[in-house]
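Trainee: Provide a 3D model corresponding to the input given below.
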Amino acid sequence: MNAAQPDGTTALSWAVNRDEPEIAAMLLRAGAKPNAANEYGVTPLWLAADAANLPMVDLLLNAGADARTSALNGETALMRAAHTGSVEIVQKLVAHGADVNAKDTTKGQTALMRAAAASHPQVVAALIEHGADVKAYSKGGFTPLLFAAQQGDEESARDRKSTRLNSS
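Mentor: All right, here's what the predicted structure looks like:
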């Protein structure tokens, strides 16, 4: 059930990658490990978040997938969801313990920075509401506000319930 290809990819990861929820559910019922990672540290949950696949994210979280795990480069499922713009997946991952202030190890970016860089103001607002650090710096010296400004994303930089990217 949990046999893997040479790179560590399991049948569950393939089912998630191919958007086959029935097969994924069958594999999970049969004992597939929801946190099995390939050689890059990519888990089925990371793949589902990257594809903005809310039903698959729900299935995996309900099966015990860890919302806090990250790929080897530190990129979390929450960062992928923030980049793709899925507010619902962001909310689910945070509710299951995802760290809104985790940074990847290569660029030092957070989920908030990813959302701002991809011009997803609703995700920016959701992350801020859950305590994302608006003053965090990437390794390149960028703040979430600078990522939003770089994209011309005025909506992400605006006031939101007394919290904003450009807070001092």
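Trainee: every contact and neighbour count from this point should use C-alpha atoms.
Mentor: Fine.
Trainee: and G31, how far is that from A48?
Mentor: Counting by Cα to Cα, to the nearest Å, the gap between G31 and A48 amounts to 19 Å.
Trainee: what do you get for T143?
Mentor: Following Cα to Cα, the distance that separates T143 from A48 is 27 Å.
Trainee: K103 now?
Mentor: Going from K103 to A48 by Cα to Cα gives 20 Å.
Trainee: same question, P121
Mentor: Counting by Cα to Cα, the gap from P121 to A48 is 21 Å.
Trainee: which one of the two has more residues nearby?
Mentor: Ranked by neighbour count (other Cα atoms under 10 Å), P121 and A48 place A48 first, with 26 against 23.
Trainee: beyond the host helix or strand of that one, next helix or strand please.
Mentor: Assigning secondary structure by DSSP states H and E places A48 in helix 44-50. Counting by DSSP H and E, the next helix or strand C-terminal to helix 44-50 is helix 54-62.
Trainee: how distant is the lowest-mean-pLDDT helix or strand in the chain from the center of its chain?
Mentor: For the chain, using mean pLDDT, DSSP states H and E, the weakest element among its helices and strands is helix 154-157, scoring a mean of 87. Relative to its chain's centre, helix 154-157 lies at 21 Å (Cα atoms, centre = their mean, to the nearest Å).
Trainee: buried sites along it?
Mentor: E155, S156, A157 (16 or more other Cα atoms under 10 Å).
Trainee: cool, stretch 33-42 as well?
Mentor: Residues of stretch 33-42 classed as buried by neighbour count (16+ other Cα under 10 Å): K33, P34, N35, A36, A37, N38, G41, V42.
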